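Participant: kindly return the folded structure for what I paste below:
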Amino acid sequence: MKKILIVEDSEDIQELVLATLECPEYQILQAYNADKAMSFLLNDLPDLIVLDVMMPGKMNGFEFCKLIKHNARLSSIKVILLTAKNQRDDIMEGIKVKSDAYMVKPFQPLALQKKAHELLYSPKLKK
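Facilitator: The predicted structure follows:
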């Protein structure tokens, strides 16, 4: 069973993402900020994180993604940035922090399902 961690401070969006991804093959974990999400990373690593960019707390989504992708133990976790930030500079920042996907709110639920499945089940590329 694949584990997905949703990190989103908006309760409504959190529920929408949960309803979108909920299925028997996924275990869904939820956090409302990066600090809470970090506690999941200390104990049980998810396979995928759906991460909001603008969150309360010490870290925003860009910073949290960068922390994950630059940590040898965590770097294999796939990250989808799901955000209302849709300017070119924001998208470039998502690339810079090595997110695996960048989706803009409002998002299409089927597109999120497809992207999650693709990231979780696509074969790993050899370097």
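Participant: list the helices and strands the longest helix seen in the chain packs on?
Facilitator: Across the chain, the longest stretch assigned as helix under DSSP state H is helix 109-121. Judged by 3 or more CB pairs under 8 Å, 6 or more residues apart in numbering; DSSP states H and E, helix 109-121 is in contact with strand 2-7, helix 11-21, strand 48-51, strand 78-83, strand 101-104. Just so you know, the C-beta spots here come from the backbone N, C-alpha and C atoms, and that holds for glycine as well.
Participant: 10 Å instead?
Facilitator: When contacts are defined as 3 or more CB pairs under 10 Å, 6 or more residues apart in numbering; DSSP states H and E, helix 109-121 sits against strand 2-7, helix 11-21, strand 26-31, strand 48-51, strand 78-83, strand 101-104.
Participant: deepest of these, which one?
Facilitator: Using mean count of other CB atoms under 10 Å, the stretch among these with the largest mean neighbour count is strand 48-51, at a mean of 27.
Participant: if you count neighbours, what's buried in the helix or strand just after that strand?
Facilitator: Following strand 48-51 in sequence order, the next helix or strand is helix 61-69 (DSSP states H and E). For helix 61-69, a neighbour-count test (16 or more other CB atoms under 10 Å) marks 61-62, 64-66, 68-69 as buried.
Participant: tell me what the most centrally placed residue in the chain is bridged to.
Facilitator: In the chain, the residue lying closest to the centroid (CA atoms, centre = their mean) is Val50, at 2.2 Å. On the basis of DSSP bridges, Val50 is bridged to Ile6, Ile80.
Participant: pLDDT below threshold where in this protein?
Facilitator: Counting by pLDDT under 70, the chain shows low-confidence ranges at 124-127.
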